[in-house]
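In: Need coordinates for the below:
(one chain, ligands or ions: 1)
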Amino acid sequence: MDLSVSSSLVRLAPQTGTAFVLHAGDTLRIVDFEGEQVADVALFAYNDDRDRFSPGRTIDYNERIVPQLGDVLYSTRSTPLARIVADTVGVHDLLLAPCSRVMFERRGALGHPSCHGNLSRALDVFGLGDDDVTATLNVFMDVRVEGNAVKLYPPRSRAGDYFDLRAECDLIVAVAACSSELTNNGRCKPIGYAIVQP
Ligand SMILES: [Zn+2]
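Out: Model prediction:
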């Protein structure tokens with residue numbers, strides 16, 4: 001990591017989210033400051049935000065459930081949105097939807113903050129909302145398929161681990177520091193991000 005990246009690193013407080021434009025060729029770096037913290041990332045093509053990240057197409061075209069270094073993230077229209085250009089962890093999730101208010105209600109937790117809510121609110125400035133946040137790349141999240149069961153494990157990320165996505169086209173990106181205690185081994189922590197220009 002060069003100094004220009006670390007000096008521009010932004011800290012997202014626990015259980016919060018943000019959104020911004022990422023231009024083609026720019027790289028988004030996600031940093032786990034303390035370890036064992038997931039970041040949910042939503043991606044939309046800037047030129048037409050109906051064209052948006054598709055975990056299904058991404059799994060299909062890369063022929064794997066867990067995305068790896070060099071893999072491309074594809075959209076609903078099969079547009080290449082971004083490429084994984086650095087990754088110090090190697091375990092991320094494409095299977096689960098972002099945690100939501102209703103998901104927490106189903107567990108008996110009323111009014112719990114959620115990635116869905118935080119991403120939706122952050123995307124409001126781009127005219128996007130609740131119904132647009134349907135799928136995320138869950139950076140550092142460890143979800144495994146065991147037989148026909150889906151099991152959640154603590155993130156394998158340690159303090160200082162990072163994950164880089166380089167935009168293949170102009171994007172609207174939203175990032176949330178995941179709000180679910182269960183996903184983050186008991187405690188919700190901050191997430192760092194930086195935009196690195198080539
Ligand atoms: Zn979450």
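
In: partner strands of the strand or helix carrying Val150, parallel or antiparallel?
Out: Here Val150, judged by DSSP states H and E, is contained in strand 149-153. Strand pairing for strand 149-153, determined by DSSP bridges: strand 142-146 (antiparallel).

In: Name the surrounding residues that touch the partner strand.
Out: Ile65, Val91, Asp93, Leu95, Leu96, Val150, Lys151, Leu152, Tyr153, Pro154, Pro155, Arg156 (CB atoms under 8 Å, 6 or more residues apart in numbering). From N, CA and C alone the C-beta is placed, and that goes for glycine too.

In: Please identify, among the residues you listed, the one with the most neighbours.
Out: For the contacts of strand 142-146, the largest neighbour count, defined by other CB atoms under 10 Å, is 27 neighbours, found at Pro155.

In: pretty sure Tyr46 contacts Cys169?
Out: Yes. Counting by CB atoms under 8 Å, Cys169 is a contact partner of Tyr46 at 7.2 Å.

In: The nearest residue to Tyr46 once chain neighbours are set aside and Thr79, how far apart?
Out: Spatial nearest neighbour of Tyr46, excluding adjacent residues (CB to CB, 6 or more residues apart in numbering): Asp170 at 3.7 Å. Relative to Thr79, Asp170 is positioned 11 Å away (CB to CB, to the nearest Å).

In: okay, and the common contacts of these two?
Out: Going by CB under 8 Å, 6+ apart, residues that sit against Asp170 and also against Thr79 are Ala45.

In: which of these two has more neighbours?
Out: Thr79 (19 against 16).

In: Could you tell me the per-residue confidence at that one?
Out: Looking at Thr79, its pLDDT is 98.

In: That one contacts Leu171, correct?
Out: No. Using CB under 8 Å as the test, Thr79 is too far from Leu171 to be in contact (10.2 Å).

In: Quick check: neighbours shared by those two?
Out: Ala45.

In: Please settle this for me: is Lys189 part of a strand?
Out: No. Going by DSSP: H, G, I helix; E, B strand; the rest coil, the assignment for Lys189 is coil, not a strand.

In: Show me which residues of the chain are close to the ion?
Out: By the rule CB under 5 Å from the ion, the part of the chain lying against the ion is Cys99, Cys115, Cys178, Ser179, Ser180.

In: Roughly how far does the fourth one sit from Leu123?
Out: Taking CB to CB as the measure, Ser179 and Leu123 are separated by 16 Å.

In: do the same with the second one
Out: From Cys115 over to Leu123 the distance is 12 Å, taken as CB to CB.

In: same deal with the last one?
Out: With distances defined as CB to CB, the gap from Ser180 to Leu123 amounts to 19 Å.

In: Give the next helix or strand downstream of the helix-or-strand element of the chain with minimal mean pLDDT.
Out: Using mean pLDDT, DSSP states H and E, helix 3-7 stands out as the lowest-scoring helix or strand of the chain, at a mean of 53. Sequence order places strand 10-12 as the next helix or strand after helix 3-7, per DSSP H and E.

In: Show me what counts as buried in that following strand.
Out: By neighbour count on 16 or more other CB atoms under 10 Å, the buried set for strand 10-12 is Leu12.

In: No more questions from me, cheers.
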